[in-house]
Structures are given as C-alpha cells and as structure tokens.
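> the following comprises the amino acid sequence and a computationally predicted model.
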Amino acid sequence: MAGTRTKRLRLDASYNTTALPRARPASNHAVGSSFVVPGLTLTDHTFSVPLDYADESKGTLDIYVREVVAYSRSKQQLPYLLFLQGGPGFESPRPTEASAWLKAAVQHFRVILLDQRGTGRSSPITSASLPRIGDARAQAEYLSHFRTDNIVRDSEAVRMALVPPDAAGGGRWTLLGQSFGGFCAVRYLSAAPEGITEVLLTGGLPPSVGDPNATETAYRNLYRRVLGQNAKYYQRFPDDVEAVQNVVRHLIRQPEGGVRTPSGNLLTPRSLQVLGLSGLGSGGGFERLHFLLEKAWDGDHISLSFMKSFDAWMPWDTNPLYALLHEAIYCQNNASRWAAHRVRNSEFSEQFDAAQAVANGTPVMFTGEMVFPWMFEDFAALAPLQAAAEAVAEKADWPQLYDLKALQSTTVPVASATYYDDMYVDCDCAQETAKHIRGIRQWVTNEYAHSGIRDDGARIFEQLLAMARGSIPLC
C-alpha cells in the first residue's frame, strides 16, 4: 500500500464499511524540531488528513505525532511501534525521560506517540471550538468523524507517510493499545491488518464486539465491578463511610443542592460520586481518594483545597471529547441513548442513590467510568455542549466497527494483558471478544488494575512482546 493511492469506493450497504474507505499516505508531512530528554530523542511530525475519508470536500484535520527513540540508538534503523492512548479523547503522553514501558519499548523500536484526532495538537476539540462548528446537529455530525474507525485511518495514513517500506518490519509497525487504544488496535486488526506486525493490548479488549447491545452489556457488568470496588474501598478505609455521608448531607442542605467550585462546577452528591472514576479503578487510587476526603472541611464548610482538588480530578474541561463520545465508541448500527444512565436507573438505582444511602446509614457508592446526561449541567465546561451531546446520544446510524470474519481469520500475532478486576474494561466482556480473535494469547491477571502499564509498564511490555513473538511458549 505504501506510496500508492487506493481506489475510492462508494459506501453503501453492499460494501464492508469496517474496512472502507481506505486511507492513503497523509499529505503535507512536516518534520519539526528534535530535542533530547534524559535517555530519549524526540522529533515532532505533523500531517494533514481528511476530516471525512469518504468525502474529502469536508476539509482536513491536522494530525500530530511524536517520534521517540533511545538517544543511543537514534541513528539506527529500527522497527516502528505505534502507541494508541486510552480515552477516548486524550492526547498521547509527553515523555520527560526514558522510564516505565517507554524505556523498555525503545530498546526494540522507534515509538510513535499519536495525538488522536481531536486531542492534544491534532485539531483539538474544546468547549470553545466545538460550538463554532454550527448548531447541535452540525456539531454531532462533526463529532461522528472522531471515532475508532477514523483514528485507524489516520494511523494508516501516517504509517504510509512515515514508515519506510524498506525499514525493519517491511513498512509495517507494531501496535500497543492501552484501554480505548486497544479498541482502536482491534479495529485496526479487522480493517487494515496488512499494516501490522503484531498487536499488544493492555486492558484494551473492546467488550462483546459481536453483541448488538454491547453498550448496555458493558455498563451492566461494569456497575457490578464498581460496586465490588466500593466494597473493597470501604473495607480498606471504614471511617470514610461516615466521612462521605457527612459531605453528602452538607451538599443536600445547600440552596442549589450543592456548592460551586473554583472552576464553576456544581459539587452535588451525584457529582461527588464521580470521584470513583479516578479513585476506585487504578493503582493507588484508594489512597488518593482517602487523602482527598481527609481535607474535605474548613470549619463547617467544604474546604477550598477539597474543591480545587475535585476540579483537578475531573477531565471534562480539558478533554470534553471524553464525555461527548464515551458511549458512542461502543455503538454499531444503534444509538447509545445514555446507556449508562438508563442501566443505572433501571437496575442499580437503589445502590447508587446517595441521598437514600445517607438516610439509611449505608455507604454512599461512588460511580466509575460512566457519563450521565446531568453532567452537562453540573460541569461548567460541558454546559455549552449539552445539545450536541444529546444529538450524539440519539444518533443511530453509527457504522460497524469490527469485522468478525477478519478477526477470526487473522494471522497477526495478538497478545493481551487482561486485568481480572478491571473496573473500566470488564473482563467477562473482554473474553467474549477474545473468542473472535484467532490465536490471541492472554495474560489474565489480578496483579494489576487498569493502570498496569503505568504501574509496572516495563514488565508488562516485555511479557506481551515475548508472548506475541512466541519466546514464551504455549502451555
């Protein structure tokens, strides 16, 4: 594919939309400056790609990547690895030194850190920029181009422009997908496997890809995982049962049902529960949440320190795409219609009713990686995007993301670190997807939470690479 332009095909029901339209090499490739951080040489690259690969008249986007190579190997020819960041809606890491998984990876590869479209330096979507697109319908249509399928097309366009056909690996690259980045990698595997040498996944098997109701299934399972994490948290810190109840009581008594934070967010019982997103599912999260609650009070008022920390824990102002597309990443030929909210109200309303918990003297349950419609009221940066979010939630014509036949017949080696107690990507749903991926090798473990790649990345990276390449034999 490198250096050639593929034939443009019309999209309709007669074509497999998981694979078409194909990308071609990205245009306007500009190589920026290089600089050194301890142990690494970093080089900037920018590209131009279509907003809509099926209709290039809609304009273009900037795509930014950072090439990372070990300083001592910067002149050597090495195979390439593309790192796909979790999210959706988060930019790639900004390395300050050779450490963790990156230190291990640069011993084998030139690493490409991609800012997925709409994030970082890749035509970012912000609370200020999105309304400039037009009305809510226009915004929703624009957002429809920022899912996994187009992230993969961008990646292919970058690969064809950046990776030399005669480079080690024959012009292909290895994929490392963390969380949502793993969803992108599985889409890549089913849509453009000819560009891939091997796939490494860390907490990144998308849930139940063959299930037409995958969104509801995922959240139903995740709520159970979240309840389990709450139980573990309060077992670890039993005094926090009363501490959280006291905060909820105070918030309920306020005229607005909560207090305004320095960022203009409304801290209510339901938004307080969102602290579970960061506090319950990653390494060290329990401790960080406990230490946050320690500083909740300034006399009879919620302390400024607590409120500023609450704001810092919420990613919605800097990364609104995370909220706007969080449910859409699961959708294939159906609408999400606020699936997490619907499942909570229909099946878990009693367990997550903060006011009722306080009245009953039972622990207040924190929530997890769920986005609710009321968040576009309580969080100031999301308020201007409420109408667009509603339009995205009602959109039903999302294309198919995964080609099951392609996954079932793949010859690309795939290795996955699957975390048994993962609160963000349910292990049971991951197994339903794994059944469709030919030859996948899994390391299913409860040694790590979803943040394993951050907590012990070098070990996990080397283990997965060895599994994919067969130096750890099947048993």
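Yep, that arrived. The structure presented is a predicted model; accordingly, all values stated were derived computationally and were not measured.
> from the chain's centre, how far out does whichever helix in the chain runs longest sit?
Determined from DSSP state H, the single longest helix within the chain is helix 214-236. Taking CA atoms, centre = their mean, to the nearest Å, one finds helix 214-236 lying 18 Å from the centre of the chain it belongs to.
> mind listing what's buried in that helix?
Going by neighbour count (16 or more other CB atoms under 10 Å), the buried part of helix 214-236 is 214-223, 225-227, 229-230, 233-234. For every residue, glycine as well, the C-beta is placed using N, CA and C.
> for the spatially most central residue of the chain, what are its contacts?
Central residue of the chain (CA atoms, centre = their mean): Gly87, 1.8 Å from the mean position. Gly87 makes contacts with 116, 119, 179-181, 319, 321-322, as judged by CB atoms under 8 Å, 6 or more residues apart in numbering.
> can you do 10 Å?
Contact analysis of Gly87 by CB atoms under 10 Å, 6 or more residues apart in numbering lists 116, 118-119, 151, 178-181, 183-184, 315, 319, 321-322, 325-326, 329.
> one more: Phe310?
By CB under 10 Å, 6+ apart, the neighbours of Phe310 are 259, 261-263, 265, 267, 271-272, 274-275, 292, 296, 302.
> quick check: it vs Glu156, distance?
40 Å (CB to CB, to the nearest Å).
> burial of Ser303, as a residue count?
As a burial measure, Ser303 scores 13 neighbours (other CB atoms under 10 Å).
> that one reaches Ser309, doesn't it?
Yes. The criterion here is CB atoms under 10 Å, and Ser303 meets it with Ser309 at 9.2 Å.
> which neighbours do those two share?
Common neighbours of Ser303 and Ser309 (CB under 10 Å, 6+ apart) are 295-296.
> do a quick rundown of the strands in the stretch 101-250 of the chain.
For the stretch 101-250 of the chain, the strands defined by DSSP state E, counting those that start in this stretch cover 110-115, 173-178, 196-202.
> could I have stretch 62-81 exported to CSV, CA atoms only?
Extracted in CSV, the C-alpha atoms of stretch 62-81 (Å, rounded to 0.1, in the frame of the first residue of the first chain):
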residue,chain,number,x,y,z
ASP,A,62,-4.0,18.3,11.5
ILE,A,63,-2.6,15.1,12.9
TYR,A,64,0.4,15.4,15.3
VAL,A,65,2.8,12.6,16.3
ARG,A,66,6.0,12.5,18.3
GLU,A,67,8.7,10.1,17.3
VAL,A,68,10.6,8.7,20.3
VAL,A,69,13.9,6.8,20.0
ALA,A,70,16.5,5.9,22.5
TYR,A,71,19.3,8.5,22.4
SER,A,72,22.0,5.9,22.0
ARG,A,73,20.1,4.3,19.0
SER,A,74,18.9,7.5,17.3
LYS,A,75,20.9,6.8,14.1
GLN,A,76,20.0,3.1,13.9
GLN,A,77,17.3,1.5,11.7
LEU,A,78,14.7,0.1,14.0
PRO,A,79,11.2,-1.2,13.5
TYR,A,80,8.3,1.1,14.4
LEU,A,81,5.7,0.9,17.2
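> how far off centre is it?
The answer for stretch 62-81 is 23 Å, by CA atoms, centre = their mean.
> care to break the protein down by domain?
Domain assignment for the chain, taken from automatic domain parsing, gives 27-209+401-469, 214-394.
> pLDDT (mean, whole number) over the shortest one?
So that's domain 214-394. Average pLDDT, domain 214-394: 97.
> what's the span of it from first residue to last?
End-to-end distance for domain 214-394: 16 Å, by CA to CA, to the nearest Å.
> one more: the longest one?
The separation between the terminal residues of domain 27-209+401-469, taken as CA to CA, is 33 Å.
> in the stretch 51-200 of the chain, mark out all the helices, start to finish.
Applying DSSP state H, counting those that start in this stretch to the stretch 51-200 of the chain gives helices spanning 100-105, 136-143, 148-162, 180-191.
> sorry, that was for the stretch 351-475 of the chain
354-360, 375-378, 386-394, 404-408, 427-434, 452-455, 457-469.
> angles on the backbone of Ala128, please.
phi -90, psi -40 (degrees, to the nearest 10).
> can you pull the pLDDT of it?
pLDDT for Ala128: 94.
> which ones among the contacts of Phe310 map onto strands?
Secondary structure assignment by DSSP state E places 259, 267, 302 of the contacts of Phe310 in strands.
> contacts only, for the last one.
Which is Ile302. Neighbours of Ile302 in contact, by CB under 10 Å, 6+ apart: 247, 250-251, 254, 258-259, 261, 267, 272, 295-296, 310.
> can you pick the most crowded of these?
Leu267 (25 neighbours).
> wait, it sits on Ser309?
No. If you go by CB under 10 Å, Leu267 and Ser309 don't touch, sitting 11.1 Å apart.
> shared neighbours, these two?
Shared contacts of Leu267 and Ser309, counting by CB under 10 Å, 6+ apart, come down to Thr261.
> now do Ala70 against Gln178, distance only.
21 Å.
> so which of these two has more stuff around it?
More neighbours surround Gln178 than the other of Ala70 and Gln178, with 28 against 21 (other CB under 10 Å).
> surely that one and Thr202 touch.
Yes. Using CB under 10 Å, Gln178 is in contact with Thr202, at 4.9 Å.
> between these two, what contacts are shared?
Shared contacts of Gln178 and Thr202, counting by CB under 10 Å, 6+ apart, come down to 86, 101, 417, 450-454, 457.
> and Gln77, how many residues sit next to it?
Neighbours around Gln77, by other CB under 10 Å: 11.
> tell me the spatial nearest neighbour of it, not counting adjacent residues.
Ala168 (5.7 Å; CB to CB, 6 or more residues apart in numbering).
> what about that neighbour, neighbour count?
Neighbourhood size, Ala168 [other CB under 10 Å]: 17.
> residues contacting it?
Residues in contact with Ala168, defined by CB under 10 Å, 6+ apart, are 76-80, 108-110, 197.
> for the closest residue in space to Val163 that isn't next to it in sequence, give me its contacts.
Once flanking residues are discounted, Val163 sits nearest to Tyr80: 5.1 Å by CB to CB, 6+ apart. Counting by CB under 10 Å, 6+ apart, Tyr80 touches 67, 69, 109-112, 159, 162-164, 167-169, 171-174, 197.
> now list the buried members of those.
67, 69, 109-112, 159, 162-163, 167-169, 171-174, 197.
> what residues does Arg66 make contact with?
Contacts of Arg66 (CB under 10 Å, 6+ apart): 32, 42-45, 83, 92-95, 111-115, 120-121.
> run through the bridge partners of it.
Asp44, Leu113 (DSSP bridges).
> in helices only, show me the contacts of Phe310.
Those of the contacts of Phe310 lying in helices (DSSP H): 271-272, 292.
> going by distance to His341, which of those wins?
Ser271 (14.0 Å; CB to CB).
> correct me, but that closest one touches Glu256?
No. Applying CB under 10 Å, one finds Ser271 not in contact with Glu256, separated by 11.7 Å.
> quick one, what contacts Arg342?
Here Arg342 is in contact with 215-216, 219, 336 (CB under 10 Å, 6+ apart).
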